[in-house]
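**Q** have a look at this fold, sequence not included:
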């Protein structure tokens with residue numbers, strides 16, 4: 001698979017990134033509240049552009065990657081979610097697809113992350129050979145921990161990533 005398939009839920013369309021998403025992605029990753037628990041630093045335009053290119057590359061090279069989360073009714077850009085390989089140097093992530101999600105404030109508290117990730121996890125269970133998926137979450141990010149637990153992830157280990165406490169979660173293939 002060289003491009004993200006389109007997935008649909010009751011409220012969402014998950015689709016491949018396009019060049020036209022650059023402005024929305026830039027806004028998302030430049031928001032200090034959005035990145036507070038994801039590295040803590042807003043990203044500049046070039047970093048966001050390279051991020052979009054990496055997403056395409058993951059699909060091309062790995063057969064999995066990230067999707068744009070779009071609201072079905074309005075077409076609004078809500079964020080990004082998917083599976084990645086980030087080579088973070090965290091032993092527990094080696095050889096295991098890493099689940100990740102990031103949403104803009106307009107999507108917070110609406111169950112969007114859970115709905116999007118459930119569709120992605122269903123896709124992964126059907127299409128990937130991995131025995132489990134993992135994710136990393138800042139231990140202070142109660143909202144993302146809640147999403148992960150609803151999706152069947154459980155805490156595996158607490159570690160350090162980039163000088164910050166990080167919790168690794170695991171979800172066996174279903």
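**A** Perfect, thanks for sending it. Computed from a prediction, not measured in an experiment: that's the story for all the values here. Residues are numbered from 1 along each chain as shown.
**Q** please enumerate the strands of the chain.
**A** 7-8, 12-15, 66-71, 77-84, 98-103, 132-137, 154-161, 164-172 (DSSP state E).
**Q** can you give me the helices in the protein?
**A** Using DSSP state H, the helices of the chain run over 22-30, 32-35, 45-62, 112-127, 142-150.
**Q** what sits up against the second one?
**A** Contact partners of helix 32-35, identified using C-beta atoms under 8 Å, 6 or more residues apart in numbering, comprise 28, 29, 41, 42, 43, 102, 103, 104, 105. C-beta: built from backbone N, CA, C; applies to glycine.
**Q** one more time with 6 Å, if that's ok
**A** If you take C-beta atoms under 6 Å, 6 or more residues apart in numbering as the criterion, helix 32-35 is touched by 28, 42.
**Q** what's the answer for the last one, then?
**A** Where contact means C-beta under 6 Å, 6+ apart, the residues beyond helix 142-150 that reach it are 113, 114, 135, 137, 169.
**Q** would you mind measuring from the second one to residue 147?
**A** Pointing back at residue 114 there. Residue 114 sits 5 Å away from residue 147 when distances are taken as C-beta to C-beta, to the nearest Å.
**Q** just the pLDDT for residue 1.
**A** The predicted local confidence for residue 1 comes out at a pLDDT of 67.
**Q** now do residue 38
**A** Looking at residue 38, the pLDDT reads 89.
**Q** for it, which non-adjacent residue is spatially closest?
**A** Leaving aside its sequence neighbours, residue 38 sits nearest to residue 102 (C-beta to C-beta, 6 or more residues apart in numbering; 6.2 Å).
**Q** partner residues bridging that neighbour?
**A** According to DSSP bridges, the residues that bridge with residue 102 are residue 80.
**Q** please name the residues that touch the residue lying closest to residue 26 once chain neighbours are set aside.
**A** Counting by C-beta to C-beta, 6+ apart, residue 48 is the residue found nearest to residue 26 once chain neighbours are left out, at 4.8 Å. For residue 48, the contacting residues are 25, 26, 29, by C-beta under 6 Å, 6+ apart.
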